[in-house]
Structures are given as C-alpha cells and as structure tokens.
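**Student:** The amino acid sequence is not available; the structure is as follows:
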C-alpha cells in the first residue's frame, strides 16, 4: 500500500520530533505537579530553522549548500538540547515517589520511545547533510510509523512514495482470493511461485492460466509454475532476444492473459479509491493488516 503524501524531509522529521518531545515533557510536568527545572519550549527556534532551510533550498550552487548546512547545524543543535531535556526529565521521573511515578508511567514510555527515534533521525540527518550518506540501514521516514518503507517504482509523477507493499491476488469475476502485507518489500520474482501455491491450497485446484507483469518473470519461475501444473503462463520477458520467445508472446492466449492482467489494475484502483487502501488509518503493522483485510472484504 502506498501513500500519496510527499516524501518527508529530515527537517520536517526533526520538527515533528521536537514538537512531540516538548509536548510530552510538558504533560509530564503538569501531571507530576512540577519538576525541578521548568520545561523550556524551543519550538519557536526549531520552526524558524525549518522555514529558513526551506527558503535555502531555492538557492543553488555552493553558496546555497553552505547556507543549508549552517541552518541544519543550528537545527541539530537545538534538537540535541531538547533530547538532553528529555533525558533529564526521564531521570527525574525515575527518582519520583511511587505514587507520582505511576501517574506518568505511559507518558514516560512515550517520551523514551520518541526520544530514541529522534536520536536516529539526528544521526541520519548528520550523516546525509555533513557526510553525504543517503543510504543508511534502518532509515526512518516516519516517527509515528517507524516500519514505513520508501517505495520507488520509477513513476515520473510519484518518484518517492512510502508505505508497505501489499500483494493482491485476483481470480475470475474480479474476486480477490488472497492478500498479504509484507514486513519488508520482497522482489516480485519471489512472489510468483508462492502465489500459485496459495491459489492451489485455498481453491483446491491448479489455475489454468497465470498472468503477471514483467517484474515477475524469470526462467526459474516459469519452470517451477509449469511443474506445479499451470498450462498457460502469460508473463512477458522484455529483454529477450529469442525469436521463439518473441513469437510465444505474440500468441493470442498470451495477449489475452496480459489484457486480463491489465484489467486487474482496476481492482487495485477500486481498493484505493472506494475502500480506503490509499492510506491506512490504523497504527502499526497489525493495524495495517487489519485495514487491508477490511478493505478487501468490503471489495
């Protein structure tokens, strides 16, 4: 499932993180009846830095790059100060009497979890801006849904989307026979054989025809699906130079299979447009699976 929201920048993640940490610390201060040191609200400074970074993006060349680095340095410094405040608040909460500590137990857990995520964002921002590293393992693109992945499919209008990959299998009469939400995005080639096996298990029969786009093609996949018992396999091989293969892909049954596969795109569109799969409203992986399942049943 992909979202149409724009790709979040590091500055917007730092802004969100600073805001959440500040609000959570203020709630802790209120519920405990006051802390030793009053929580300082640095959101005005953070917002100013974020706006300045957005304006600096308009300037090209070395001068603009240096200005962005300077503003990011200030933003990271302010964020580290907020993280230092959160560490102090956590230590003070741990030293409170049992009754006062119980009042803010959930808030303490939220503060600790969010502080860890903001530290990760600080690290990845520093690595990208000052180290030039854009591909970091475990990169966060959402503070509230840390499992979110970056999805790039080469679309000109949507070069960057984020969410989770959802597999939808459709049989005749536009009936969805299976869906799955993946923890980590797999290669399309790894999904074909498992999809046929799932169809066989659920319907107690082997499909006569399997149609998929070129991303699912591999010779090993075709041979494995044929061994299962599928008679017609309509998966184009775009890079083939074999005349025999080119002739196969021009046969009527092959073209009809591709037309049917193209029609299946309408089911995905309907799931997004009419049944809410364009954007998940639940939280966490379990929430996403529940949301996709409800949309599929509604379809």
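**Tutor:** All right, it came through fine. As the structure is a prediction and not an experimental result, all values here were calculated from the model.
**Student:** Please make it C-alpha for all contacts and neighbour counts, starting now.
**Tutor:** OK.
**Student:** Nearest spatial neighbour of residue 50, chain-adjacent residues omitted?
**Tutor:** Leaving aside its chain neighbours, residue 50 sits nearest to residue 11 (5.9 Å; criterion: C-alpha to C-alpha, 6 or more residues apart in numbering).
**Student:** Tell me, how many residues neighbour the one you found?
**Tutor:** 23 (other C-alpha atoms under 10 Å).
**Student:** and if you look at the one 3 residues further on?
**Tutor:** Applying other C-alpha under 10 Å, we find 24 residues neighbouring residue 14.
**Student:** Pull the residues that contact the helix or strand hosting it.
**Tutor:** Element membership for residue 14, per DSSP states H and E: helix 10-32. Residues from elsewhere that reach helix 10-32 (C-alpha atoms under 8 Å, 6 or more residues apart in numbering): 35, 38-39, 41-43, 46-47, 50, 53, 72, 75, 79, 82-83, 86, 89, 100-101, 103-104, 107-108, 110-111, 114-115, 118, 121-122, 125, 141-143.
**Student:** which stretches of the stretch 51-200 of the chain have low pLDDT?
**Tutor:** Residue ranges of the stretch 51-200 of the chain with pLDDT under 70: 153-159.
**Student:** what angle sits between the longest helix seen in the chain and helix 10-32?
**Tutor:** If each helix of the chain is counted by residues according to DSSP state H, the longest one is helix 61-94. Going by axes from the mean of the first three to the mean of the last three C-alpha atoms, to 10 degrees, helix 61-94 is angled at 20 degrees with respect to helix 10-32.
**Student:** In stretch 133-148, which residues are buried?
**Tutor:** Neighbour-count burial for stretch 133-148 flags 139, 140, 141, 142, 143, 147, 148 (criterion: 16 or more other C-alpha atoms under 10 Å).
**Student:** Likewise for stretch 276-288?
**Tutor:** Buried, per 16+ other C-alpha under 10 Å, within stretch 276-288: 276, 277, 278, 279, 280, 285, 288.
**Student:** The second one - that's part of a helix, no?
**Tutor:** No. With the criterion set as DSSP: H, G, I helix; E, B strand; the rest coil, the secondary structure at residue 277 is coil rather than a helix.
**Student:** That one is in contact with residue 290, isn't it?
**Tutor:** No. Contact status for residue 277 versus residue 290: not in contact, 11.1 Å apart, counting by C-alpha atoms under 8 Å.
**Student:** where along the protein do the strands fall?
**Tutor:** Listed in chain order, the strands of the chain (DSSP state E) span residues 149-151, 161-163, 166-171, 175-181, 209-211, 232-234.
**Student:** could those strands be laid out in CSV, adding distance to residue 68?
**Tutor:** Below are the strands of the chain laid out as CSV (distance: least, C-alpha to C-alpha, whole Å):
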stretch, distance to residue 68
strand 149-151, 24
strand 161-163, 24
strand 166-171, 37
strand 175-181, 38
strand 209-211, 49
strand 232-234, 51
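**Student:** For residue 255, which of these is the nearest?
**Tutor:** Among the strands of the chain, strand 232-234 comes nearest to residue 255, with 7.7 Å by C-alpha to C-alpha.
**Student:** Distance of residue 203 relative to residue 65?
**Tutor:** 59 Å (C-alpha to C-alpha, to the nearest Å).
**Student:** more crowded one of these two?
**Tutor:** residue 65 (14 against 10).
**Student:** dump the residue contacts of that one.
**Tutor:** residue 59.
**Student:** Look up how far residue 49 lies from it.
**Tutor:** 15 Å.
**Student:** Would you agree residue 170 is in contact with residue 177?
**Tutor:** Yes. The criterion here is C-alpha under 8 Å, and residue 170 meets it with residue 177 at 5.7 Å.
**Student:** thinking again about what came up before, the buried residues of stretch 133-148 into a markdown table, with extra columns for distance to residue 271?
**Tutor:** Formatted as a markdown table, these follow (distance: C-alpha to C-alpha, whole Å):
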| residue | distance to residue 271 |
| --- | --- |
| 139 | 29 |
| 140 | 27 |
| 141 | 25 |
| 142 | 24 |
| 143 | 27 |
| 147 | 22 |
| 148 | 20 |
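**Student:** which one of those residues is nearest residue 237?
**Tutor:** residue 148 (31.2 Å).
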